[in-house]
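> here is my input, please return the structure:
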Amino acid sequence: MDRRNFLRVVGATGALVAISPSTISGRLYASNGLYESYERVQLLNADGVAIKLADLKKETNYIFQYPYIGTPTMLLDLEESTAKDVRLKSDDGEEYIWKGGVGKDRTVVAYSAICSHQLAHPTPDDSFLQYVQKDKKTMACDHGGVVVCSSHLSSFEAKEGCKNISGPASSPLAAVVLEIADDDTIYAVGVLGGDKFHEYFKAYKPEFKKYYGNARQAKKKVTKSATMVELTQYTKEIIQY
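You can find the predicted model right below:
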């Protein structure tokens with residue numbers, strides 16, 4: 001089992017402590033770090049077949065729902081290896097360590113696809129939030145290889161825990177922690193950093209009725225498996241400036 005994406009937190013002495021996400025139940029606070037454990041969920045394609053790392057296309061936006069039925073997550077297989085042990089800080093000042101990507105070359109990452117600024121996110125109708133390939137630029141950032149929210153032109157460094165690097169967003173996107181099984185299949189196991197789920201569920205009640213029937217259904221936790229598709233299959237329109 002590849003568990004390089006362990007949570008690492010800052011201990012009282014300043015040392016880094018490695019913890020396996022699968023051993024944690026509930027919410028963990030360790031000095032200045034935090035991690036929220038959710039059910040271990042396997043990623044499947046639209047035909048219900050388990051997705052393997054080898055199936056992923058480079059620099060392609062993938063979307064699946066996690067940890068709730070109504071909360072979209074973005075998965076990426078980047079062109080280059082990610083940084084290691086990146087120190088980040090949430091909106092409320094809590095520091096945490098993002099260990100890096102998973103897979104042989106540490107290129108596979110996942111992030112909550114809810115912007116930390118004003119909660120823009122992909123829907124079946126449109127998406128203002130997406131990863132921009134290395135060779136492209138946008139109004140939000142003068143280089144590619146970043147996640148961009150075109151709603152208010154914030155950008156986030158995909159190789160460094162999606163830390164905020166430009167625009168009004170003042171904190172990173174929350175990271176979804178991945179585990180890779182011995183057969184190369186992919187599992188989501190928890191969320192690291194400052195998530196925006198509470199504000200999100202409060203702000204988008206009409207949307208939840210449209211897409212999920214009601215807010216209660218959108219708030220249900222994903223169990224066992226989640227279907228993952230490319231963003232172009234998930235949404236009708238990708239909006240990018």
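
> wait, a helix at K159?
Yes - with DSSP: H, G, I helix; E, B strand; the rest coil as the criterion, K159 is part of a helix.

> next, count neighbours for the nearest residue to it once chain neighbours are set aside.
Counting by Cβ to Cβ, 6 or more residues apart in numbering, T82 is the residue found nearest to K159 once chain neighbours are left out, at 4.6 Å. In this view, the C-beta of every residue, glycine as well, is placed from N, C-alpha and C. Residues lying near T82 (other Cβ atoms under 10 Å) number 25.

> what's the longest strand belonging to the chain packed up against?
Scanning the chain for the longest strand, with DSSP state E as the assignment, gives strand 33-44. Helices and strands touching strand 33-44, by 3 or more Cβ pairs under 8 Å, 6 or more residues apart in numbering; DSSP states H and E, are strand 7-10, strand 27-30, strand 95-98, strand 186-192, strand 225-227.

> contacts for the shortest one, please.
Spelled out, it's strand 225-227. 41-46, 48, 64-66, 188 (Cβ atoms under 8 Å, 6 or more residues apart in numbering).

> try it again at 7 Å.
41-44, 46, 64-66, 188 (Cβ atoms under 7 Å, 6 or more residues apart in numbering).

> try stretch 56-71
38, 41, 43, 72-79, 108, 112-114, 122, 130-131, 133-134, 176, 188, 191, 197, 200, 208, 212, 217-222, 226-231, 234.

> out of those residues, which end up buried?
38, 41, 43, 72-79, 108, 112-114, 122, 130-131, 176, 188, 191, 197, 200, 208, 212, 218, 222, 226-228, 231, 234 (16 or more other Cβ atoms under 10 Å).

> still on that earlier bit, list the buried ones in the longest strand of the chain?
Buried, per 16+ other Cβ under 10 Å, within strand 33-44: 33-38, 41-44.

> now stretch 122-140
Applying 16+ other Cβ under 10 Å to stretch 122-140 flags 122-123, 127-132, 138, 140 as buried.

> convert it to PDB, retaining C-alpha atoms only.
Below are the C-alpha coordinates for stretch 122-140, written out as PDB (Å, rounded to 0.1, in the frame of the first residue of the first chain):
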ATOM      1  CA  PRO A 122     -17.800  22.800 -10.600                       C
ATOM      2  CA  THR A 123     -21.500  22.000 -11.300                       C
ATOM      3  CA  PRO A 124     -23.100  20.000 -14.100                       C
ATOM      4  CA  ASP A 125     -23.900  23.300 -15.800                       C
ATOM      5  CA  ASP A 126     -20.600  25.100 -15.500                       C
ATOM      6  CA  SER A 127     -17.200  25.300 -13.800                       C
ATOM      7  CA  PHE A 128     -15.200  28.400 -12.900                       C
ATOM      8  CA  LEU A 129     -12.600  26.200 -11.200                       C
ATOM      9  CA  GLN A 130     -10.100  24.000 -13.000                       C
ATOM     10  CA  TYR A 131      -6.400  23.100 -13.400                       C
ATOM     11  CA  VAL A 132      -4.600  25.000 -16.100                       C
ATOM     12  CA  GLN A 133      -1.800  23.100 -18.000                       C
ATOM     13  CA  LYS A 134       1.800  24.100 -17.700                       C
ATOM     14  CA  ASP A 135       2.100  25.600 -21.100                       C
ATOM     15  CA  LYS A 136      -0.900  27.900 -20.700                       C
ATOM     16  CA  LYS A 137      -1.600  31.300 -19.000                       C
ATOM     17  CA  THR A 138      -4.700  32.900 -17.600                       C
ATOM     18  CA  MET A 139      -5.700  36.300 -16.300                       C
ATOM     19  CA  ALA A 140      -5.300  34.900 -12.800                       C
END
